[in-house]
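Trainee: What follows is a predicted structure for the sequence shown.
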Amino acid sequence: MVADLAALIAELRSILGKLEVALGSIDTGVVWTDSKGRVQWCNRGFDRITGRAHIEILGIGLEGFLPLSRDGRLVPPEAHPLRLIMTTGVMEREAYQLKRGDEVLSLEIEGSRFHLSEREEAAILLVQDVTERARSLERERELAQSAALSEQKRLAELERAQLAALNVMEDLELRHKEIETREKKLQETMAMLVQAEKLQSVGRLAAGVAHEVKNPLSVIRMGADFLAKRIGEGDPDARQVIEDISDAVRKADTVIRGILDFSSLSAVSLKQDDLHAVLEASISLVRHELERLRVKVVRNIAKEPLLALMDRNRVQHVLVNLILNASHAMGVGGTLTVRAYTQKIGNAGAGKGRREGDRFKAGETLAVLEIDDTGPGIPEEHLSKIFDPFFTTKKTGQGTGLGLSIAKNIMDMHGGELNISNRRGGGVRATLIFKT
Ligand SMILES: Nc1ncnc2c1ncn2[C@@H]1O[C@H](COP(=O)(O)OP(=O)(O)OP(=O)(O)O)[C@@H](O)[C@H]1O
Ligand SMILES: [Mg+2]
């Protein structure tokens, strides 16, 4: 019997030993306490977590040496897992922290209450050290954060680089535009030079031809006059032919004189003269034409003389041309409004977009004469051509197309300006600017 019992005890011991070894080898800490929380047994896993040998803690109250905290705050005695287990019977896995020396362990604790006998209750707690896991999670989070941060940095850098590239592109575009503008200006200047060159040679050629033709023309005219006198009233048919010849000669003569005017543009002799008087003289010269076309002339002119530097005859030539242009454009019954005034040139930029910078100096006083008509205006596509020699929209034989090119040249030689533009209200405004 005793031997049986001894054998039984020995067997039990061996089973318990194996159980202890098995429980001891798992990482999870297992602790068994009585109803008061005194440690009855624990495995090596629990020792590892508390850092104390289980022999030391047997019989000691668990709450005392397992001070837990949650979210950085100490867990009060009534909320200690052990109490919860003893009051509620079971506790699902919860996260806690345990301060051990200098380090803080992250623990996951679960447990349940059980009856040893009818009157005796006990608790078993499973404590898992998840510090490493939490740390590696934290590391992962940190890594992810720093990866996100460096990605952010990279994006910001990319954005900066993009911005810089954009700036460079804008700069390039600007420069490109600048170059284009310069190129255009250069082309314009070259075109102007070519045009001037052409004008000069055309002028020389025309002048040569005009001289050659001038004398034969006067011979023809004198011949026609002579024949007209000879025939008298006798032969109406012959008289008509002679009149036709004279008419043709007159027209040819006008063209020739225009060409000669155009090509002998040298030498203007400038002196101070009254612009009002020259204007009146010019109007007077064309008064028959003005009367024929019933043109009303409105003068917005002061009584006192308006002195300007000019070659009187040449300016008269210009004015006659402009007045006739306006009258012919208006047809019958138009109104011609002439205005004359002085203007002081301000600093650069002042004065209705004229190229004062080129021609007139700041502080200079100019005499301005404006001739407005109530005609149809000049079609946009003609505006750039009206100063070209021989550009005319008049019927063949009615205009040489030299009027405005001569007028412009004359004004250029005065160091002044001739501008022709469409008025907003309709009609054309010719503006003459003289130095005073
Ligand atoms: N006031 C104006 N209104 C409308 N068109 C005008 C006016 N002035 C000039 N033009 C246009 O400009 C063209 C050129 O004028 P320009 O004085 O050089 O020659 P023209 O008048 O045709 O010939 P010419 O001067 O020999 O009589 C005219 O044919 C006309 O088409
Ligand atoms: Mg004309």
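Mentor: Happy to help now that I have it. Ligands and ions are numbered 1, 2, ... in the order given.

Trainee: what about residue 273, which SS state?
Mentor: Reduced to three states with DSSP: H, G, I helix; E, B strand; the rest coil, the structure at residue 273 is strand.

Trainee: Residue 69 now?
Mentor: Reduced to three states with three-state DSSP, the structure at residue 69 is strand.

Trainee: which secondary structure element contains the closest residue in space to it that isn't next to it in sequence?
Mentor: Using CB to CB, 6 or more residues apart in numbering and skipping the chain neighbours, the partner closest in space to residue 69 is residue 97 (5.0 Å). All C-beta atoms are positioned from the backbone trio N, CA, C, and that covers glycine. When elements are assigned from DSSP states H and E, residue 97 belongs to strand 90-100.

Trainee: Using PDB, list the CA coordinates for that strand.
Mentor: The C-alpha coordinates for strand 90-100 follow below in PDB (Å, rounded to 0.1, in the frame of the first residue of the first chain):
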ATOM      1  CA  VAL A  90     -12.600  36.300 -16.600                       C
ATOM      2  CA  MET A  91     -10.600  39.000 -18.300                       C
ATOM      3  CA  GLU A  92     -10.000  39.200 -22.100                       C
ATOM      4  CA  ARG A  93      -6.600  40.200 -23.300                       C
ATOM      5  CA  GLU A  94      -5.700  43.800 -22.400                       C
ATOM      6  CA  ALA A  95      -2.500  45.800 -22.900                       C
ATOM      7  CA  TYR A  96      -0.500  47.200 -20.000                       C
ATOM      8  CA  GLN A  97       3.000  48.600 -19.300                       C
ATOM      9  CA  LEU A  98       5.300  47.400 -16.600                       C
ATOM     10  CA  LYS A  99       8.300  49.500 -15.400                       C
ATOM     11  CA  ARG A 100      11.200  47.200 -14.900                       C
END
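
Trainee: Show the contacting residues for the residue in the stretch 301-436 of the chain that ligand 1 sits nearest to.
Mentor: When scored by CB to the nearest ligand atom, the stretch 301-436 of the chain has residue 403 as its residue closest to ligand 1, at 2.3 Å. When contacts are counted by CB atoms under 8 Å, 6 or more residues apart in numbering, residue 403 is found next to 258, 321, 324-325.

Trainee: These in helices, which ones?
Mentor: When the contacts of residue 403 are checked against helices using DSSP state H, the ones located there are 258, 321, 324-325.

Trainee: could you flag which of those are buried?
Mentor: Burial by neighbour count, judged by 16 or more other CB atoms under 10 Å, picks out 258, 321, 324-325 from the ones in helices among the contacts of residue 403.

Trainee: out of the residues you listed, who's near ligand 1?
Mentor: Taking CB under 6 Å from any ligand atom, the overlap between those and the neighbourhood of ligand 1 is 321, 325.

Trainee: Hmm, which of the buried ones among the ones in helices among the contacts of residue 403 is lowest in pLDDT?
Mentor: Ranked by pLDDT, these bottom out at residue 258, which scores 71.

Trainee: Now that one: closest residue in space that isn't a chain neighbour?
Mentor: Nearest-residue entry for residue 258: residue 402, 4.1 Å, with adjacent residues in sequence omitted and distances by CB to CB, 6+ apart.

Trainee: what residue ranges in the chain score low on pLDDT?
Mentor: Segments of the chain classed as low confidence (criterion: pLDDT under 70) are 1, 192-200, 202-204, 261-267, 347-358, 397.

Trainee: tell me the domain ranges of it?
Mentor: Residue ranges for each domain of the chain read 23-136, 190-264, 269-435, as given by automatic domain parsing.

Trainee: related to what we said a few turns ago, now do the same contact list for the residue nearest to residue 69.
Mentor: With the criterion set at CB under 8 Å, 6+ apart, residue 97 makes contact with 68-70, 72, 104-107.

Trainee: Turn those residues into CSV, including neighbour count and distance to residue 178.
Mentor: Converted to CSV, these look like this (neighbours: other CB atoms under 10 Å; distance: CB to CB, whole Å):
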residue, neighbour count, distance to residue 178
68, 20, 76
69, 13, 72
70, 12, 71
72, 7, 66
104, 14, 68
105, 19, 72
106, 18, 68
107, 21, 74
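
Trainee: And those residues, which is closest to residue 87?
Mentor: Out of the contacts of residue 97, the one with the shortest distance to residue 87 is residue 68. That distance is 16.5 Å, counting by CB to CB.

Trainee: you'd agree that closest one is up against residue 77?
Mentor: No: counting by CB atoms under 8 Å, residue 68 stays clear of residue 77, with 10.5 Å between them.

Trainee: Where does the stretch 301-436 of the chain get nearest to ligand 2, residue-wise?
Mentor: Among residues of the stretch 301-436 of the chain, the one nearest ligand 2 by CB to the ion turns out to be residue 403. It sits 2.7 Å away.
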